[in-house]
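Novice: Curious how this folds, go ahead:
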Amino acid sequence: MFIWHSLEISQVRKRGLPPLAFVFVFLLPLTIAAQRHERVVDTWKPLHFNVSITFNDQLTEISTAKTEISAIVLKDGVKIIDLDFGAMPINSVKLDGEPAHYDRSAELLNVALPHPFRNGEKVNIAVNYHGRPKDGLVFATDRDGKPSVTGDNWPNRVHQWIPCLDHPSAKATVSFTVTAPQREAVVANGKFINITGNAATSHWRYAEKKAIPPYCMVIVVNEGVRVDATEPTVTPLSYHVPQRDRLYATKGFSPAAPSLAFFNETVAPYPYEKLGLIIGATKYGGMENSSAIVFTSTLFDQRPGEPMSVRFGIPTRIESVVAHEIAHQWFGDSVTESTWADLWLSEGFATYFAGLFIEKYDGEEAFRTYMRSAAERYFVYENQHRGPIHDTETLDLNQLLNPNNYEKGAWVLHMLRKRLGDDVFFKGLRDYYQAHHESNATTDDLRAALEKASRQNLREFFARWVYASGHPRYDVQSDWSKLATGEIALLVHVNQIQTEEAFLDPITIEVTSGGKKVRRTISPTGKLATIRFSLTAPPTTVQFDPDESVLRELVSK
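Specialist: Here you go, the predicted structure:
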């Protein structure tokens, strides 16, 4: 998912990093009130959803809907299947084909089982309903002024229109049959199966055979046009846009095929059977629905003076959001966070892999600029909100869409890459992906994979950077003297002045002396550390962390 928000330059505090004209984050206050309670998949879990939806001719409501849920019981004695479901009117509920007893409470549909089920028993529930959901399925007007319907489910809004277990750990396969007026086109998760119908209505069928998180289960209905990618791709790639964006779609989405190829090579084969990039109604800059990504309706609007990608000839804003959402297909969709506290495994990964894409196609300096901008966004946020990446307390899930999970999460990956080296780092990520694709993962799962690949103990690193708050703020001072032997003795003093505990990350210091560069690494054991250089000539420059390997602030040079 991609969140856009712009800050004026005057709002960005200068910390020795370039100011930003556009900052793509949504700064929201964290409400730290109490331990957050999440649904636990411990009594039953869904295996498959078969969703059939018929829209009225005006595309203003659901005339009829039927969701069939195949589920498995996870322990002995289960008497109820408690489905998350919104306020849409229910016509009937059936259990294995027979009328079922059920009751409704606040956004729950409790279906009574005829007897206590045992661990491993399966059950099929069919819910018939109709109406217009209050959220999750967005009824709107598209850029051509035509009615449209778009699934927009993050974080837990899909239950407003599909009865389910609305938590990222409740992954399942899904199939859709969507009946709409003949003039409408339909896109959904998974492989396109067929289209049937008559002069008035069409029935579109899609099927996703890989288990995906419920927030990624979507349909899109509108009168737009489909444009197929013209270049070779690793999976069928198409763009679904309003008529007014038809001519620009191929250029606007030009980073898509290279992103697919790059991530396919860097991580693992693309996990789904197709990829549709859709301009639709989402409250976010982009939403990573599995194989059916929805971008904001204003994605292709031109903004005067915005930076442009030299490689693709489009705004860098579009380049990064397209790469970000496509990276989610691997991280977030295929490997899904086990809890909301592990959200950085989705958003931090997508943010960093968009940066890796920029590094490959726009060069090292563009990548450094991208990471500096990410650091600055985090610093602005962290100055107002202290808290760990692994946040178990914030109650409003939308407030987790913050620079801790995006930008700081990306920097955690970058620091691990710099510490472990490219070969070990990417091997660890590939191993992590292979172990958890089509499933869920925790922060500790990632740590374990990287520890195995590197044969290093990373517990302290994760404890400090993910489970604790803050970042190092360095006051760096240096002084030198000429000894009787003629040798120049340079002392570099590194003092961490943040209020939180010390960060023990090794830092490179580069000294230029007599036209030569000398590098040494300092490994702090506390907040104050000193390193000595023996030189043949007075130093002309002392550079702290020249490779920008650590998320840090310098308060002096």
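Novice: which residues touch the closest residue to Asp333 other than its chain neighbours?
Specialist: For Asp333, ignoring the flanking residues on the chain, the nearest one in space by Cβ to Cβ, 6 or more residues apart in numbering is Ser290 at 4.4 Å. Where you see a C-beta, it was placed from the backbone N, CA and C, and this is true even at glycine. Listed by Cβ atoms under 8 Å, 6 or more residues apart in numbering, the contact set of Ser290 reads Asn189, Gly190, Glu208, Lys210, Ile212, Pro213, Cys216, Met217, Tyr272, Gln329, Asp333, Ser334.
Novice: Need the per-residue pLDDT for the spatially closest residue to Pro168 that is not a sequence neighbour.
Specialist: Beyond its immediate neighbours in the sequence, the residue positioned closest to Pro168 (Cβ to Cβ, 6+ apart) is Pro213, lying 4.4 Å away. What the model reports as pLDDT for Pro213 is 98.
Novice: so Pro213 sits right up against Asp166, yeah?
Specialist: No: using Cβ atoms under 8 Å, Pro213 is not in contact with Asp166, being 9.6 Å away.
Novice: So which of those two has more stuff around it?
Specialist: Residue environment comparison for Pro213 versus Asp166 gives the larger neighbour count to Pro213, 27 against 24, counting by other Cβ atoms under 10 Å.
Novice: Quick one: residues contacting the more buried one.
Specialist: Applying Cβ under 8 Å, 6+ apart as the definition, the contact partners of Pro213 turn out to be Pro168, Ser169, Ala170, Lys171, Ser290, Gly332, Asp333, Thr336.
Novice: what about 6 Å?
Specialist: For Pro213, the contact set (Cβ atoms under 6 Å, 6 or more residues apart in numbering) comprises Pro168, Lys171, Thr336.
Novice: Ok, Asp333 next?
Specialist: Asp333 makes contacts with Ile212, Cys216, Ser290, as judged by Cβ under 6 Å, 6+ apart.
Novice: Is it correct that the last one falls within a strand?
Specialist: No: when DSSP: H, G, I helix; E, B strand; the rest coil is applied, Ser290 is found to be coil, with no strand at that position.
Novice: circling back: so which of the contacts of Ser290 sit within helices?
Specialist: Helix and strand membership here follows DSSP state H; of the contacts of Ser290, not one is in helices.
Novice: Can you give me the distance of the residue nearest the centre of the chain to Val511?
Specialist: With distances taken as Cα atoms, centre = their mean, Glu347 lies nearest the centre of the chain, 2.9 Å away. When distance is defined by Cβ to Cβ, to the nearest Å, Glu347 is 38 Å away from Val511.
Novice: and if you look at Ala180?
Specialist: From Ala180 across to Val511, the span is 68 Å (Cβ to Cβ).
Novice: Likewise for Val310?
Specialist: For Val310, the distance to Val511 equals 34 Å [Cβ to Cβ].
Novice: Between the two, which has more neighbouring residues?
Specialist: In terms of neighbours (other Cβ under 10 Å), Val511 is the more surrounded of Val310 and Val511; the figures are 22 against 11.
Novice: part of a strand, is the more buried one?
Specialist: Yes: with the criterion set as three-state DSSP, the secondary structure at Val511 is a strand.
Novice: In the sheet, which residues pair with Leu490? Tell me.
Specialist: Beta-bridge partners recorded for Leu490 (DSSP bridges): Trp480, Phe533.
Novice: Now do the contacts for Leu528.
Specialist: Asn495.
Novice: helix, strand or coil for Gly428?
Specialist: Gly428, by the three-state scheme (three-state DSSP), is helix.
Novice: Could I get the contacting residues of it?
Specialist: Contacts of Gly428 were listed using Cβ under 6 Å, 6+ apart, and they are Ala449, Leu450, Ala453.
Novice: which of these has the most neighbours?
Specialist: Leu450 leads the contacts of Gly428 on contacts (other Cβ under 10 Å) with 25 neighbours.
Novice: would you say it is within a helix?
Specialist: Yes: when classified by three-state DSSP, Leu450 is found to be part of a helix.
Novice: before we move on, back to that, could you check how far the helix or strand containing the residue nearest to the centre of the chain is from the centre of its chain?
Specialist: Assigning secondary structure by DSSP states H and E places Glu347 in helix 344-362. In this view, helix 344-362 has its centroid 10 Å away from the chain centroid, taken as Cα atoms, centre = their mean, to the nearest Å.
Novice: again, but for stretch 418-434
Specialist: How far stretch 418-434 lies from its chain's middle: 19 Å, per Cα atoms, centre = their mean.
Novice: Convert that stretch to PDB, retaining C-alpha atoms only.
Specialist: As requested, C-alpha coordinates have been extracted for stretch 418-434 and formatted as PDB (Å, rounded to 0.1, in the frame of the first residue of the first chain):
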ATOM      1  CA  LYS A 418      25.000  -3.400   4.600                       C
ATOM      2  CA  ARG A 419      25.900  -5.400   7.600                       C
ATOM      3  CA  LEU A 420      25.500  -8.900   6.000                       C
ATOM      4  CA  GLY A 421      26.500  -8.100   2.400                       C
ATOM      5  CA  ASP A 422      24.400  -8.500  -0.700                       C
ATOM      6  CA  ASP A 423      25.000 -12.200  -1.200                       C
ATOM      7  CA  VAL A 424      24.000 -13.200   2.300                       C
ATOM      8  CA  PHE A 425      21.200 -10.700   2.700                       C
ATOM      9  CA  PHE A 426      19.400 -11.700  -0.500                       C
ATOM     10  CA  LYS A 427      19.900 -15.400   0.200                       C
ATOM     11  CA  GLY A 428      18.300 -14.900   3.600                       C
ATOM     12  CA  LEU A 429      15.400 -13.000   2.000                       C
ATOM     13  CA  ARG A 430      14.900 -15.800  -0.600                       C
ATOM     14  CA  ASP A 431      15.000 -18.400   2.100                       C
ATOM     15  CA  TYR A 432      12.500 -16.400   4.200                       C
ATOM     16  CA  TYR A 433      10.200 -16.100   1.200                       C
ATOM     17  CA  GLN A 434      10.400 -19.800   0.300                       C
END
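Novice: Could you tell me which residues within it count as buried?
Specialist: Buried residues in stretch 418-434, defined by neighbour count with 16 or more other Cβ atoms under 10 Å: Lys418, Arg419, Leu420, Val424, Phe425, Phe426, Lys427, Gly428, Leu429, Tyr432, Tyr433.
Novice: Need these in TSV (columns: pLDDT and distance to Leu299).
Specialist: Conversion of the buried residues of stretch 418-434 to TSV gives the following (pLDDT from 0 to 100; distance: Cβ to Cβ, whole Å):
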residue	pLDDT	distance to Leu299
Lys418	98	33
Arg419	97	36
Leu420	98	35
Val424	98	37
Phe425	98	32
Phe426	98	30
Lys427	98	35
Gly428	98	33
Leu429	98	28
Tyr432	98	31
Tyr433	98	28
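Novice: Extract the residue ranges of the stretch 451-557 of the chain that are flagged as low pLDDT.
Specialist: Confidence mapping of the stretch 451-557 of the chain against pLDDT under 70 gives the ranges 556-557.
Novice: For it, which segments count as strands?
Specialist: Taking DSSP state E, counting those that start in this stretch as the criterion, the stretch 451-557 of the chain carries its strands at 473-482, 488-496, 507-513, 516-522, 528-535, 539-544, 553-554.
Novice: Of all these, which one is nearest Gln58?
Specialist: Closest approach to Gln58 among these is made by strand 553-554 (55.4 Å; Cβ to Cβ).
Novice: Could you list the paired strands of the closest one along with their orientation?
Specialist: Strands flanking strand 553-554 in the sheet, each with its direction: strand 473-482 (parallel) (DSSP bridges).
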